[in-house]
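Participant: Provide a 3D model corresponding to the input given below.
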Amino acid sequence: MNNKMVIGNLLHRPLRSVISIVAVALEVTLILVIVGLSVGILEDSKTRQEGIGADLMVRPPGSSFLSGISGAPVPAKIAAVLARVPHVTAVAPVVTQLNTAGGNIEVVYGIDLKSFEALSRPFHYLSGGPFEGPNDILVDDYFAEAKHARVGDHISVLNHTFRICGIVLHGKGARKFLPMATMQDLIGAQGKASIFYVKVDEPANIPGVESYIKHIPGMENYSVQSMKEWLSLMTVGNLPGFSAFINVVIAVAVAIGFIVIFQAMYTAVMERTREIGILKSLGASKAYIVSVILRETLLIALCGIALGIGLSFLARSGIHHGFPTLYPMITAAWIARTVVIAIVGAILGAVYPAFKAAQKDPIDALAYE
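Facilitator: So this is what the prediction gives:
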């Protein structure tokens, strides 16, 4: 009987109920999509770094643990020094450059193709082939799909025009690769490198090689880090400002849900003053009145959550279809968090209206017009 009353109250005011459900759905979608995009970009970066196949990363002193933003400050000939370290099987110097042209933020790699492929496996060419000249560029399949690019097309990178010589399978560091000498000339860093990727013969020898490199004269202050350690640091909590950004998104989303639910339930209580008076005159307790309002709110929240989750998955598909390089990660853990956040926000928005309804005097309520 009580549940029928709750459902009847919501159906009696369908427009307000729909608006409230949509508001909760927007709250859920906002959290899942924006957080999913942020986490998806982070996970994509981790996956591509892991796909390089290196065991160790050697970077100049004072460089950020975020790969790709340190420029090319050290001589590339350090690769020869690292190659002589016992148990090292391959060393690949790489020049990285942050590119923000066209509204995108990406890291472009300047590579020596032979040493870079020696770290794990050669590039898997979906079409085209390796560099044929200094003005050639390799792009991955995600970029090619997003830009409808083909081998032979010309694209602008770092204010220079390059010919796409090959389209490779994604997952090996960057989405765009230039010949290392070309990149060095473009950024005025001839003979320099940004990072050295090191391959070790056996996983058990990684700590020993790491320690050996740190004790090479002149390299005491270099950052030497295993790929496993670097991947463990690439989390939401460790990235500067990332957690704050997510907290702001959640706060904005909760505010939307709270305000709409508060307004809807407060107005509903005002409109049902006489109804509440009748219930109290029939013996309904304050707890019963509060429970009716809160159950209505909970039903609105659950409907909104279900709609929001559905919209989030639709948005994910739409984003990935329109922008293949972006893929929001909607995980079970974040769905569970979002459900709790949405329910708590909705309940908080309904608490005051519920207690205001419970405090109404039945005599005044019955006389209310």
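Participant: could you list every residue that touches Y327?
Facilitator: For Y327, the contact set (C-beta atoms under 8 Å, 6 or more residues apart in numbering) comprises 40, 44, 316, 319-320. (C-beta placed from N, C-alpha, C; glycine too.)
Participant: Show the buried residues in these.
Facilitator: In the contacts of Y327, burial by neighbour count holds for 40, 44, 316, 319, counting by 16 or more other C-beta atoms under 10 Å.
Participant: Now name the helix or strand holding the third one.
Facilitator: Using DSSP states H and E, R316 sits within helix 286-322.
Participant: Just list what that helix packs against, helices and strands only.
Facilitator: Other elements packing on helix 286-322 under the criterion 3 or more C-beta pairs under 8 Å, 6 or more residues apart in numbering; DSSP states H and E are helix 2-12, helix 14-51, helix 242-271, helix 273-281, helix 332-358.
Participant: returning to what we had before: kindly reformat the contacts of Y327 as JSON lines containing pLDDT.
Facilitator: Formatted as JSON lines, the contacts of Y327 follow (pLDDT from 0 to 100):
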{"residue": "G40", "pLDDT": "83"}
{"residue": "D44", "pLDDT": "83"}
{"residue": "R316", "pLDDT": "90"}
{"residue": "I319", "pLDDT": "85"}
{"residue": "H320", "pLDDT": "80"}
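Participant: Adding distance to I19, write the residues you listed out as a markdown table.
Facilitator: Output for the contacts of Y327, formatted as a markdown table (distance: C-beta to C-beta, whole Å):
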| residue | distance to I19 |
| --- | --- |
| G40 | 30 |
| D44 | 36 |
| R316 | 25 |
| I319 | 26 |
| H320 | 30 |
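Participant: Among those, which one sits closest to A350?
Facilitator: R316 (30.2 Å; C-beta to C-beta).
Participant: Quick check, that closest one in contact with P328.
Facilitator: Yes - using C-beta atoms under 8 Å, R316 makes contact with P328 at a distance of 4.6 Å.
Participant: shared neighbours of these two, anything?
Facilitator: Common neighbours of R316 and P328 (C-beta under 8 Å, 6+ apart) are 33, 36.
Participant: where does E132 land in three-state SS?
Facilitator: What DSSP: H, G, I helix; E, B strand; the rest coil gives for E132 is coil.
Participant: ok, it to V151 distance?
Facilitator: Per C-beta to C-beta, to the nearest Å, E132 is found 11 Å from V151.
Participant: Also L233?
Facilitator: Taken as C-beta to C-beta, the span from L233 to V151 is 37 Å.
Participant: Which one's more surrounded, these two?
Facilitator: Set L233 next to V151 and count neighbours by other C-beta atoms under 10 Å: V151 wins out with 16 against 13.
Participant: what sits against the nearest residue to that one once chain neighbours are set aside?
Facilitator: Leaving aside its sequence neighbours, V151 sits nearest to G128 (C-beta to C-beta, 6 or more residues apart in numbering; 3.7 Å). By C-beta under 8 Å, 6+ apart, G128 lies in contact with 151-152, 164-167.
Participant: Dig out what G128 forms beta bridges with.
Facilitator: G166 (DSSP bridges).
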